[in-house]
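S.K.: Predicted model and sequence below, questions to follow.
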Amino acid sequence: MALDTMFVDHIRVLAKGGDGGNGIVSFRREKFVPRGGPDGGDGGDGGTVILQVDPHTDNLRSFAYNPKMLAQDGAHGQSYKRHGKKGKNFVGKVPPGTVVYQSNATDMKEAAELERSEDGIVLEPIIDLTENGQEFIVCHPGKGGKGNFHFRSSTNQAPEELTLGTEGEQGVYYLELRRIADAGFVGFPNAGKSTLMGALSANKPKIGSYPFTTLKPNVGVVDFPGYQRCTIADIPGLIEGASNNKGLGHEFLRHITRCHLLLFVIDMAGTDGREPIEDLQILRKEIKDYDEDLAKFPWMIIANKMDVEGSQEQLEMFKTRFPKVDIVPISAQEGDGLDDLRQILMDKVGKRRDA
């Protein structure tokens, strides 16, 4: 897959703050000042490595081109007491919902070796970047060294001392994107999640009559009357065994761990030869196996494809089996029942647009 079309939601990167420049030894030497005093300048500080949340960035693809965040070194000091130039900062743009982990490895080679070893690589979460414009310093810079001008004294008028710049911080970090949405679609491939997303929101995902149309998580915005709205995440369809990394869904389950409401989209007509109730049971089990806390989130059932023969009988079975669960019958293809679904979403997760 070409990098310009690839969706990247987790990646390992090397970060290093810029080294400080060295101070220098220099003495003022001019035509009429043959024996001037010390004028060695200080080295400049290195640059800082910063992650910045950018609302216009939707994944971590830019780091796949170059998984190194390297700030510029500070310049060395100069004569005439001139300071070296400060190194440029490295600012990496990340989408809202990026979790930053620090590895116990110090470089990429060591990280690769640890991942292959029995000990394994240890990752510690250090920050969750969720707010637009939020910044986090990943690696601090090295400090510039002192030139010999700083070491002059009444007893040492020609000092040759200097200090070297210090090294910037360095480490291996793991960036993981978790989509921020109020609600999340969960369902088997071909359950109609993408069609429903397109019908409810301005997001128009690719839709086809074959499984795995959705190959990356999408987030759509649903607007309600009274200046309210909610956001919905649509992840690729799950299959049985997804919690054990089978199929595509496991790779993206992290994107619904922030949702306040899980929306189980069920093909109520069983058009692919599956049993709708069994589908729901499998989906609930996969969610629990992936994250027990996620399984405790509020949830409801969206009974899709009610325009297909046999769906009404299945709906009645669902109502009997799950009497305390909200079940909304719809046809995403025909647009039936969408107003009722919007009303329930507004009541459960709607919020002010300017909030």
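M.R.: Yep, that arrived. Numbers count the residues shown, from 1 in each chain.
S.K.: Mind splitting the chain into its structural domains?
M.R.: The chain breaks down into these domains under automatic domain parsing: 3-177, 183-352.
S.K.: got the ones you listed as a markdown table, with mean pLDDT and mean neighbour count columns?
M.R.: All C-beta atoms are positioned from the backbone trio N, CA, C, and that covers glycine. Formatted as a markdown table, the domains of the chain follow (pLDDT from 0 to 100; neighbours: other Cβ atoms under 10 Å):
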| stretch | mean pLDDT | mean neighbour count |
| --- | --- | --- |
| domain 3-177 | 92 | 18 |
| domain 183-352 | 84 | 18 |
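S.K.: how about the helices in the chain?
M.R.: For the chain, the helices defined by DSSP state H cover 61-65, 108-116, 193-200, 276-290, 292-295, 311-321, 338-349.
S.K.: helices or strands up against the second one?
M.R.: To tie it back to what came earlier, the one meant is helix 108-116. When contacts are defined as 3 or more Cβ pairs under 8 Å, 6 or more residues apart in numbering; DSSP states H and E, helix 108-116 sits against strand 10-16, strand 170-177.
S.K.: Make a markdown table from the ones you listed and add distance to His83 to it.
M.R.: Below are the helices and strands packed on helix 108-116 laid out as a markdown table (distance: least, Cβ to Cβ, whole Å):
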| stretch | distance to His83 |
| --- | --- |
| strand 10-16 | 22 |
| strand 170-177 | 24 |
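S.K.: For Phe63, give me its contacts.
M.R.: By Cβ atoms under 8 Å, 6 or more residues apart in numbering, Phe63 lies in contact with Val8, Ile11, Val13, Met69, Gly92, Leu175.
S.K.: Figure out the length between the terminal residues of stretch 292-304.
M.R.: For stretch 292-304, the separation between the terminal residues is 26 Å (Cα to Cα, to the nearest Å).
S.K.: Mind listing residues that contact that stretch?
M.R.: Under Cβ under 8 Å, 6+ apart, the answer for stretch 292-304 is 191-192, 196, 253, 256-257, 259-268, 276, 280, 284, 287-288, 311, 314-315, 318, 322, 325-332, 341, 344, 348.
S.K.: Please name the residues that touch the residue nearest to Leu341 when sequence neighbours are not counted.
M.R.: The spatially closest residue to Leu341, leaving aside those adjacent along the chain, is Val328, at 4.9 Å (Cβ to Cβ, 6 or more residues apart in numbering). Shown in contact with Val328 (Cβ under 8 Å, 6+ apart): Met300, Ile301, Ile302, Ala303, Gly337, Asp340, Leu341, Ile344.
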